[in-house]
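>>> below is the sequence, then the predicted model.
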Amino acid sequence: MSFIIMSMNLKTILIYILGLICYAGCNQKCEDFDFRIIDWMPHHAGDTFLLKDSLMSYPFTVELAEINHSDKVRNHSKCICANDYTVLVSTNQVEVTIFFNESRTVEQSSVSANGESLMFAEHWDKLDVHGMIYKDVIVYKNMLPSSSAIFEQVILANSIGIVALEGTFGSWLRKDRTLLHVDPSKISYRQFSCV
C-alpha cells in the first residue's frame, strides 16, 4: 500500500516538474507583421523627396527604413513581440525619425524631429494641408511646446509619406502628391526570436 502511495507521489512530482519545465520553456508565437503600415512612409533607404517653403526646396534622403519583427518569445521572459517599422529621413538642417511601434495601429507611433518628440494626435479621413487635400492623414504634434521647441507638427498622408513639417520656421510642404508603393523586400527586415 505504501508503495502505491509513493508511486502516486512520484508521478505527481514528475508531472509537476514537467509542467514547470513546459511553463518556463514554452514559447509564445508573435503576430505576423502587418505590411500595410509601410504605406504611411512608403520608402526604402536611398529614396529622396522634396519639401518646399515659399522660397526654397529641401531635399530629404531616406537614411533608414527598417522593419523589426520577432517570430516568437519565451513565455514569462523579459522579451516582448516586436512588430515595428522605423524610417529616418534627413536634410542638411533636419533629421526626422518616424517610429511605428506596432504594425497594426498608427496610434502607437511617434516622431522625433531633431530630437524633439511629437506624439500621434489625430487621424483624418481627409485633411486640407495649406490648400492641398490629402486622404487618410495622421498628424503628430509637439505635446509640450516650449519656448525652445522648433517643431509644432508633422503630417503624413497614406501612400505618400511626409506632406508637411511645421514649426517656428514656417511650413515645409510636399508638392508632389504622387501615390507611392514600395516593395517590402526593399526594406531592411530584421527578424529575430527571443527564446
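That came through, no problem.
>>> for the lengthiest strand in the chain, which strands pair with it and how are they oriented?
Longest strand in the chain, counting residues (DSSP state E): strand 57-74. Strand 57-74 has its sheet partners listed here by DSSP bridges as strand 27-29 (antiparallel), strand 48-52 (antiparallel), strand 83-90 (antiparallel), strand 188-194 (parallel).
>>> what's the spacing between the most centrally placed residue in the chain and E66?
In the chain, the residue lying closest to the centroid (CA atoms, centre = their mean) is F100, at 1.3 Å. Computed as CB to CB, to the nearest Å, the F100 to E66 distance reads 11 Å. C-beta here means a position set from N, CA and C on the backbone, and glycine is covered the same way.
>>> shared neighbours of the two, anything?
Y85, T86 (CB atoms under 8 Å, 6 or more residues apart in numbering).
>>> what sits against K141?
Residues in contact with K141, defined by CB under 8 Å, 6+ apart, are L118, M119, A121, E122, E152, Q153.
>>> now Y189
By CB under 8 Å, 6+ apart, the contact set of Y189 is E66, I67, H69.
>>> pull the number of nearby residues for the closest residue to the first one other than its chain neighbours.
Once flanking residues are discounted, E66 sits nearest to S188: 4.3 Å by CB to CB, 6 or more residues apart in numbering. Residues lying near S188 (other CB atoms under 10 Å) number 12.
>>> kindly report the same for K126.
The number of residues packed around K126, counting by other CB under 10 Å, is 10.
>>> ok, now W40?
Using other CB under 10 Å, W40 has 22 neighbouring residues.
>>> how close does it get to M143?
Relative to M143, W40 is positioned 20 Å away (criterion: CB to CB).
>>> K126 too?
Using CB to CB, we find K126 at a distance of 24 Å from M143.
>>> how about R174, what does it touch?
So, once contact is read as CB under 8 Å, 6+ apart, R174 ends up touching F49, L50, L51, K52, I160, G161, I162, V163, A164.
>>> just the helices in this structure please.
For the chain, applying DSSP state H gives helices covering 2-25.
>>> shaky segments in it?
Low-confidence segments of the chain, defined by pLDDT under 70: 1-10, 13-25, 76-77, 145, 195.
>>> and V73, how many neighbours?
Using other CB under 10 Å, the number of residues around V73 comes to 20.
>>> residues in a beta bridge with it, which ones?
Applying DSSP bridges to V73 gives these bridge partners: Q28, C194.
>>> out of the strands paired with strand 57-74, which is closest to D136?
Smallest distance to D136 across the strands paired with strand 57-74 (CB to CB): 16.6 Å, for strand 83-90.
>>> which residues are contacting that closest one?
Outside strand 83-90, the residues that reach it (CB under 8 Å, 6+ apart) are 30-31, 33-34, 37-38, 41, 43, 49, 60-70, 95-104, 162, 187.
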